[in-house]
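**Q** just coords:
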Ligand code: LLP
């Protein structure tokens with residue numbers, strides 16, 4: 001398993017930010033999500049430092065669908081980031097974390113009236129319009145609350161980035177956004193710009209997630225600028241904000257070859273500046289929305305080994321005390337992860353195992369085939385890079401309780417989300 005910054009091995013045991021896995025299990029419970037707070041802060045700094053320009057303002061929004069809870073909102077808020085939110089639940093969480101609501105950007109392809117009203121009522125000032133019915137509702141709400149709302153239109157650039165089918169978002173048949181190749185988009189923009197309580201600011205584009213090809217991002221930038229210019233020319237409407245989304249790929253396993261974030265961000269800025277030079281938009285700010293790349297490698301999941309089993313066909317399983325309920329990504333995308341036996345890190349990896357969970361489903365696999373030391377009952381098994389889209393996509397399948405979340409920093413640990421109790425499981429049952 002790749003050891004990320006902050007992971008060390010002492011006495012054959014894995015430590016995260018100087019806290020040993022045994023200590024974590026002893027103080028909390030197993031399974032458990034563990035986040036390295038220094039890692040999160042350093043990654044935020046990389047974004048803030050490298051995505052900046054003297055030609056326009058830049059903003060970093062944390063795409064909080066990757067991992068949302070009060071404490072992560074407090075941390076990114078303190079560091080000066082904004083938030084990409086996609087539901088009333090994420091807005092509610094941000095409000096309760098005392099986030100500056102004017103720094104929230106509300107996305108989604110089917111925001112309900114209740115969600116939009118909650119957003120406007122609670123001071124969300126930036127809404128991304130996905131389709132042709134939303135702008136009238138938002139305008140009516142803005143009037144009702146006597147506000148002016150800044151809006152962006154989500155556009156689909158048709159850029160087919162190389163990633164899993166389920167997480168591509170800019171294909172021609174995507175459910176997200178409005179295609180720039182559909183001529184009706186110009187009348188939609190005019191309609192939005194004519195709404196009295198809306199400030200039409202520009203466009204939002206997000207081409208997909210877990211993308212490794214820099215050129216996909218650069219091509220998207222070029223397309224967005226060219227389209228923006230065509231809008232300025234055709235409609236005499238100025239584009240002052242461009243939100244280019246997230247999607248930067250990260251390392252999960254040896255198959256992934258991510259670019260250096262700092263280098264990429266610097267190149268990205270240069271490409272944007274170059275396009276600005278060519279097209280001369282009345283640009284005020286350029287926004288990006290990293291989710292996975294900001295949080296994924298900061299998080300791991302700690303499990304305890306139960307049994308092992310060698311099947312009739314010879315496949316050897318390690319069973320752990322969690323599985324698809326806390327990490328559905330193998331079941332959904334055949335996502336690949338790495339792990340280690342965290343109390344035997346330096347032992348020889350001589351056994352080929354498949355790590356399976358405890359859920360009633362054959363697809364409840366965490367890692368299909370990985371070489372590890374011989375596993376025994378009560379060994380601790382840590383799966384790395386589970387910081388994004390694990391906790392946030394967890395379920396209670398089989399009525400198994402959701403895991404606690406612990407943050408560690410320089411030898412200290414603290415609970416930031418309690419694990420669910422059995423009572424929690426029935427609290428809404430009547
Ligand atoms: N902005 C928008 C509008 C998005 O839809 C997303 C992700 C992001 C930003 C952040 O993308 P990121 O930087 O995290 O790649 N559940 C899937 C990922 C779904 C991504 C959805 N949108 C998974 O587990 O891989």
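**A** Yep, that arrived. Because the structure is predicted, anything quoted here is derived from the model rather than measured.

**Q** Helix or strand: which one has residue 40?
**A** helix 37-50 (DSSP states H and E).

**Q** Show me what the helix or strand following that helix is in contact with.
**A** Next along the chain after helix 37-50, taking DSSP H and E as the criterion, comes strand 57-63. Strand 57-63 has contacts (C-beta atoms under 8 Å, 6 or more residues apart in numbering) with 44, 47-48, 51-52, 72, 76, 81-84, 103, 105, 243, 246, 269, 284-292, 294-295. Where C-beta positions appear, they are placed from N, C-alpha and C, glycine not excepted.

**Q** hmm, which of these are the buried ones?
**A** 44, 47-48, 51, 72, 76, 81-84, 103, 105, 243, 246, 269, 286-292, 294-295 (16 or more other C-beta atoms under 10 Å).

**Q** What average pLDDT does stretch 176-196 get?
**A** Stretch 176-196 carries an average pLDDT of 95.

**Q** in it, what's buried?
**A** Here stretch 176-196 shows 176-180, 185, 188-189, 192-193, 195 as buried, counting by 16+ other C-beta under 10 Å.

**Q** quick one: which of those residues is nearest the ligand?
**A** Nearest to the ligand out of these is residue 176 (C-beta to the nearest ligand atom; 7.2 Å).

**Q** quick check, that closest one in a helix?
**A** No - assigned with DSSP: H, G, I helix; E, B strand; the rest coil, residue 176 falls outside any helix and is coil.

**Q** ok so, going back, show me the subset of the contacts of strand 57-63 that also lies near the ligand.
**A** Contacts with the ligand are made by 84, 246, 289-292 out of the contacts of strand 57-63, judged by C-beta under 6 Å from any ligand atom.

**Q** Model confidence for residue 54, exactly?
**A** Reported pLDDT for residue 54: 96.

**Q** and the gap between it and residue 217?
**A** Distance of residue 54 to residue 217, computed by C-beta to C-beta, to the nearest Å: 21 Å.

**Q** cool, and residue 423?
**A** Residue 423 sits 46 Å away from residue 217, going by C-beta to C-beta.

**Q** Between those two, which is the more surrounded one?
**A** Each of residue 423 and residue 217 has its neighbours counted (other C-beta atoms under 10 Å); residue 217 has more, 23 against 8.

**Q** who's in contact with the residue of the stretch 251-400 of the chain found nearest the ligand?
**A** Closest contact between the stretch 251-400 of the chain and the ligand, by C-beta to the nearest ligand atom, is at residue 291 (2.7 Å). For residue 291, the contacting residues are 62-67, 84, 209, 246, 388-389, by C-beta under 8 Å, 6+ apart.

**Q** Residues of the stretch 101-250 of the chain that sit close to the ligand?
**A** So the stretch 101-250 of the chain meets the ligand at 107, 167, 206, 209-210, 245-248 (C-beta under 6 Å from any ligand atom).

**Q** any low-confidence regions in the protein?
**A** For the chain, applying pLDDT under 70 flags the ranges 162-171.

**Q** which residue sits farthest out from the middle of it?
**A** residue 312 (40.0 Å; C-alpha atoms, centre = their mean).

**Q** Next, the distance between the ends of stretch 31-43.
**A** By C-alpha to C-alpha, to the nearest Å, the extent of stretch 31-43 from end to end equals 26 Å.

**Q** Looking at this protein, which strand is longest?
**A** If you go by DSSP state E, the chain has its longest strand at strand 299-310.

**Q** Pull out the buried residues from the longest helix anywhere in the chain.
**A** Looking across the chain with DSSP state H, the single longest helix is helix 214-235. Across helix 214-235, burial judged by 16+ other C-beta under 10 Å covers 214, 216-225, 227-229, 231-232.

**Q** next one: stretch 142-158
**A** For stretch 142-158, the neighbour count (16+ other C-beta under 10 Å) marks 142-143, 149-157 as buried.

**Q** What residue spans form the domains of this protein?
**A** Following the assignment in automatic domain parsing, the chain carries domains at 7-36+299-426, 107-290.

**Q** Pipe those domains into CSV and attach distance to residue 89 per row.
**A** Shown next, in CSV, are the domains of the chain (distance: least, C-beta to C-beta, whole Å):
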stretch, distance to residue 89
domain 7-36+299-426, 10
domain 107-290, 9
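
**Q** Report the beta-bridge partner residues of the closest residue to the ligand within the stretch 51-200 of the chain.
**A** Using C-beta to the nearest ligand atom, the closest approach of the stretch 51-200 of the chain to the ligand is made by residue 63 at 3.4 Å. Residue 63 forms beta bridges with residue 84, as assigned by DSSP bridges.

**Q** Could you report the distance from it to residue 104?
**A** From residue 63 over to residue 104 (counting by C-beta to C-beta), the distance is 12 Å.

**Q** And residue 365, by the same measure?
**A** For residue 365, the distance to residue 104 - C-beta to C-beta - is 36 Å.

**Q** related to what we said a few turns ago, spatially, which two of the buried residues of stretch 142-158 are the most separated?
**A** 143 and 157 (32.0 Å; C-beta to C-beta).

**Q** Hmm, residue 380 and residue 343 touching each other?
**A** Yes - the criterion here is C-beta atoms under 8 Å, and residue 343 meets it with residue 380 at 5.0 Å.
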